[in-house]
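**Q** Sequence first, predicted model second:
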Amino acid sequence: MRRRARGASVRGMRHETSPPASPSPSSPSVFDLSAQLAATVEAAGGFVVGVEARRRTASSGIVWSAARPASAAAPAGGSPPSGAAPSAAAPAAPAGAVVVTADHTVEREEDIFVLLPDGRRVPAVLAGRDPATDVAALRVEDAGASALAGPEWSDLSEVKLGHLVLTLARPGYHLRAGLGVVSDLRPGWRTPAGGRVERYLETEGGLERGFSGSLLVDARGRALGLNTGGLLRGRALALPGATIERVVGSLLAHGRMRRGFLGVSAAPVRLPDRLAQELGQATALLVLGVQPGSPAERAGVLLGDALLAFDGQPVADIGEGDEAVEQMIAVVAPPEDMQVKVYLGCGEDADALTQDRRAAKPSRPHREPISRRRNAAPAGRDRVRAWPRSV
């Protein structure tokens, strides 16, 4: 009797279980998503090429057109969106196409070949490279490559954490696709080599074969960035279109990334109240080191001097941190000059601020080099040197 009762109860529970609800005809299914991603890969795969510039495995590259897409240009009557590439026109390219790839994958500067989507293998010439941002530009002067077009670039204003992204690589003649998500998204940052990148975009998709130089697109097929695994070890990063346009424009025009250079290491300091009232500003940059042969040394800048203004703009008005100062100096392309207002570290009054120290260096009391003072520390005491970043 007990066994029958248990069996009856079990059968009753089974009969009470309702069948799973069927999905609504209007709701998208996983098959619809799969079909949409496959269509995106097919459409955006034509923007990706293979690059043979190293031994063994080939890397990937992205077709870069000289004319910017409408999405990256400034809208009529308004300012360009945040993170968008500048509206200035890129230098015109000769017959052929321009391909951008990761600089660390270009191990040789001759005998470079590009594998086109139609299966052809054509030669390419290295137009320029920038190790600081890991960007290299190649010129493909084949007549058939003129028909290649670049992708539509997104300004990253709609990208959020967790968005699905696709990685399109061509480490050979065949296209490879990978699916991932946006795992980290931050404002602009500086690479370990000092290159400025407008946005930090990291994906969680793995560093597959031929990843560096590949194209990162969203579910709509818009380009998000140039993938690279050479900036930070073990991290899959993407360089945004604004960074690529700024760097490639300089590479096509000059063969390298031209950056203004002052040649000092400095740290922000707060001026004494009396000096702040006299100069009309409360902060400055204290010179902690001067690189030999640099423009700062030729101008007479010494240790202990205080940098007050750049081209008439006080340090306090430039922005917080040394990044704003670096950006201001970087826009001065050689051989242009920049007027730097300096307060002499030996204690001259404000009248000495306007003198031209490049013409004649003022007489200054002898100061023992910092290296000697550090070496004169008591024996047995550890000496730790913390070198600031050069601006």
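**A** Thanks, I have the structure now.

**Q** same question for the helix or strand where A276 lies, mean pLDDT?
**A** Secondary structure from DSSP states H and E places A276 in helix 273-279. Confidence for helix 273-279, expressed as mean pLDDT, is 84.

**Q** What of stretch 255-268?
**A** Model confidence over stretch 255-268, given as mean pLDDT, is 78.

**Q** again, but for stretch 129-137
**A** For stretch 129-137, mean pLDDT is 94.

**Q** Show residues contacting that stretch.
**A** Applying CB atoms under 8 Å, 6 or more residues apart in numbering, the set of residues contacting stretch 129-137 from outside is 64, 98-106, 126-128, 191, 193-197, 212, 226, 228, 230-231, 239, 243-244, 247-248, 250-252, 256-257. Bear in mind the C-beta positions are built from the backbone N, C-alpha and C, glycine included.

**Q** Flag every buried residue along that stretch.
**A** R129, D130, A132, T133, D134, V135, A136, A137 (16 or more other CB atoms under 10 Å).

**Q** Other residues contacting stretch 230-241?
**A** So stretch 230-241 is contacted by 72, 83-85, 102-105, 133-135, 153-156, 180, 191-192, 197-207, 211-212, 216, 223-229 (CB under 8 Å, 6+ apart).

**Q** so of those, which ones are in strands?
**A** The members of these that map onto strands under DSSP state E are 135, 180, 197, 200-204, 216, 223-228.

**Q** Just the endpoints, please. Distance across stretch 215-233?
**A** With CA to CA, to the nearest Å applied, stretch 215-233 spans 19 Å between its terminal residues.

**Q** What residues does V125 make contact with?
**A** With contact set as CB under 8 Å, 6+ apart, V125 has these partners: I112, L138, R139, E141.

**Q** Among the residues you listed, which pair sits farthest apart?
**A** The distance between the two most remote of the contacts of V125 (CB to CB) is 11.9 Å, for I112 and E141.

**Q** Name the residue in the two with the higher neighbour count.
**A** More neighbours surround I112 than the other of I112 and E141, with 22 against 15 (other CB atoms under 10 Å).

**Q** these two touch, right, I244 and L224?
**A** No. Counting by CB atoms under 8 Å, I244 stays clear of L224, with 11.2 Å between them.

**Q** CA-only coordinates of stretch 42-53 in PDB, if you can.
**A** Presented in PDB, the C-alpha positions along stretch 42-53 are these (Å, rounded to 0.1, in the frame of the first residue of the first chain):
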ATOM      1  CA  GLU A  42      30.700  38.800 -43.700                       C
ATOM      2  CA  ALA A  43      30.200  42.500 -44.300                       C
ATOM      3  CA  ALA A  44      33.100  43.700 -42.200                       C
ATOM      4  CA  GLY A  45      35.500  41.000 -43.300                       C
ATOM      5  CA  GLY A  46      36.400  42.900 -46.500                       C
ATOM      6  CA  PHE A  47      38.100  45.600 -44.400                       C
ATOM      7  CA  VAL A  48      40.600  43.200 -42.900                       C
ATOM      8  CA  VAL A  49      43.800  42.100 -44.700                       C
ATOM      9  CA  GLY A  50      46.700  39.900 -43.900                       C
ATOM     10  CA  VAL A  51      50.200  41.400 -43.300                       C
ATOM     11  CA  GLU A  52      53.400  39.400 -43.900                       C
ATOM     12  CA  ALA A  53      56.100  41.400 -42.100                       C
END
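
**Q** Report the mean per-residue pLDDT for it.
**A** Model confidence over stretch 42-53 averages 94 on the pLDDT scale.

**Q** What residues sit buried inside that stretch?
**A** By neighbour count, with 16+ other CB under 10 Å as the criterion, the buried positions of stretch 42-53 are A44, G45, G46, F47, V48, V49, G50, V51, E52, A53.

**Q** Enumerate every residue touching the fourth one.
**A** Contacts here follow CB under 8 Å, 6+ apart; on that basis F47 touches I62, V63, A149, G150, P151, L168, L215, A223.

**Q** Mind checking which of the residues you listed land in strands?
**A** When DSSP E defines the strands, the subset of the contacts of F47 inside them is I62, V63, L168, L215, A223.

**Q** now the buried residues of stretch 129-137 in a markdown table, with distance to P314?
**A** Converted to a markdown table, those look like this (distance: CB to CB, whole Å):
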| residue | distance to P314 |
| --- | --- |
| R129 | 36 |
| D130 | 31 |
| A132 | 28 |
| T133 | 30 |
| D134 | 35 |
| V135 | 33 |
| A136 | 38 |
| A137 | 37 |
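
**Q** what's the most distant pair in those residues?
**A** Pairwise over the buried residues of stretch 129-137, using CB to CB, the maximum falls at A132 and A137, 14.2 Å.

**Q** so where's the chain shaky on pLDDT?
**A** Across the chain, the stretches falling below the confidence threshold (pLDDT under 70) are 1-27, 66-95, 260, 316-341, 343-391.

**Q** Domain map for it?
**A** 31-69+89-258, 264-375 (automatic domain parsing).

**Q** Tell me which of those sits most buried.
**A** Among those, ranked by average contacts under mean count of other CB atoms under 10 Å, first place goes to domain 31-69+89-258 (a mean of 19).
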